[in-house]
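> give me the fold of what follows.
(chains A and B)
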2 protein chains.
Amino acid sequence: MSEKQTSQEPIEDLKAEQEQPVAEAAETEEAVEVSSENWEAKYEEAENRYLRLRADFDNYRRRIQKEEEAKVKYRAQSLITDILPALDNFERALNIEVSDEQTQSLLKGMQMIHSSLLEALKGEGLEIIEAVGKTFDPHLHQAVMQVSEDGVEPNTVVEEFQKGYRLKDRVIRPSMVKVNE
Amino acid sequence: MSEKQTSQEPIEDLKAEQEQPVAEAAETEEAVEVSSENWEAKYEEAENRYLRLRADFDNYRRRIQKEEEAKVKYRAQSLITDILPALDNFERALNIEVSDEQTQSLLKGMQMIHSSLLEALKGEGLEIIEAVGKTFDPHLHQAVMQVSEDGVEPNTVVEEFQKGYRLKDRVIRPSMVKVNE
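I've put the predicted structure just below:
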């Protein structure tokens, strides 16, 4: 029987061959049954291994896809964060008072350049956080000064010292503001 | 035998059940052998399925990792490409001749802002392509004019009309140049 089995099952692996002596010692019918059970156990093990791997693969794919979406969404964050100081200085410089025509002409050109830079940044999802006149929101605004003004709603932003920005739904810099108590 | 087999192998699938009549018709020992071969075949099928899936998983992981690296490397490309026109205008505006002090002061401020903007872009991997005096390279330079000048090396860039840029090792815009024949 064991010889017949060997010729019928040439691809049987090493592990199964090591179990052979047990089968040889037993009665013919029982020997075959043990072998059948072995194969069944091996099948179940392989099937479970397959199912576990498939679950791992699915989870991995889902996780990667989620991470991927976040990475694409915020891909420009690093560069935008680095550009913000230049943008602040740009805006400050544009607020100067000019008297002569030549300076006015240069200023006008610079305003256009600032606009097109801001448009490019907005194209990647940059949004200016609204501040003055809005209710103070600690998620969006950073209070650096408090005042007590009559005729102004309490807990309201009355002045903005530095613009705040959001990249899509993520606040990358809160606005620095003065708040009415 | 067939009843005993059913109770011992409750998870045998439909395909195996369809093969049952053959086993029932055969002699006891042979029936068990068929079953053993069935389990062996099922085991091999499951094992192969597992190995194929593992290979797929490995390939997927490798591909994702490679794509990931490229995405991180060039993540700022879209924003930088959108900023380039503003950068061109910025540079053109800074090249004006100024006479009065007020304009000069504004210009100086703007030059500093331009520098810090360029630094931020360089921080993400932007590099200016060298052009004037270099050998013409069609991968880096776009020839929009040809001249025949004596005393200048042939196939050399003699003038640059618009700056070209590389993002790390990727040319995102060739320089527009005049070339000596």
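> closest point of chain A to chain B, which residue?
For chain A, the residue closest to chain B is residue A:39, as judged by Cβ to the nearest Cβ, at 3.4 Å. For the C-beta atoms, the positions are set from N, CA and C on the backbone; glycine is no exception.
> show the secondary-structure elements that the helix or strand harbouring that residue is packed against.
Here residue A:39 sits within helix A:28-73, counting by DSSP states H and E. Applying 3 or more Cβ pairs under 8 Å, 6 or more residues apart in numbering or on different chains; DSSP states H and E, we find helix A:28-73 packed against helix A:2-8, helix A:14-25, helix B:28-73.
> now the element after it, going C-ward?
helix A:77-94.
> what's the next helix or strand after that following helix in contact with?
Once helix A:77-94 ends, the next helix or strand along the chain (criterion: DSSP H and E) is helix A:101-123. Helix A:101-123 is contacted by residues A:76, A:80, A:83, A:87, A:90-91, A:93-94, A:96, A:98, A:126, B:79, B:82-83, B:85-86, B:89-90, B:93, B:96, B:98-100, B:102-103, B:106-107, B:110, B:117 when judged by Cβ atoms under 8 Å, 6 or more residues apart in numbering or on different chains.
> rerun at 6 Å
If you take Cβ atoms under 6 Å, 6 or more residues apart in numbering or on different chains as the criterion, helix A:101-123 is touched by A:90, A:94, A:98, B:82-83, B:86, B:89-90, B:93, B:100, B:102-103, B:106, B:110.
> ok, stretch A:82-95 next?
A:111, A:114, B:109, B:113, B:116-117, B:120, B:123.
> hmm, which of the residues you listed are the buried ones?
A:114, B:109, B:113, B:116-117, B:120 (16 or more other Cβ atoms under 10 Å in any protein chain shown).
> pLDDT score for residue A:45?
Looking at residue A:45, its pLDDT is 93.
> list the contacts of it.
The contact partners of residue A:45, taken as Cβ under 6 Å, 6+ apart, number zero.
> any figure for the gap between it and residue A:177?
For residue A:45, the distance to residue A:177 equals 64 Å [Cβ to Cβ, to the nearest Å].
> over to residue A:78?
26 Å.
> more crowded one of these two?
residue A:177 (26 against 16; other Cβ atoms under 10 Å in any protein chain shown).
> quick one: the more buried one is in a strand?
Yes - Residue A:177: assigned to a strand according to DSSP: H, G, I helix; E, B strand; the rest coil.
> distance of the residue most central in space within chain A from residue A:82?
Nearest to the mean C-alpha position of chain A, counting by Cα atoms, centre = their mean, stands residue A:70 at 3.0 Å. Going from residue A:70 to residue A:82 by Cβ to Cβ gives 20 Å.
> please apply the same query to residue A:140.
21 Å.
> again, but for residue A:114
17 Å.
> quick one, what contacts residue A:49?
residue B:50.
> low-scoring stretches of chain A, by residue?
Chain A contains residues with pLDDT under 70 at A:1-34.
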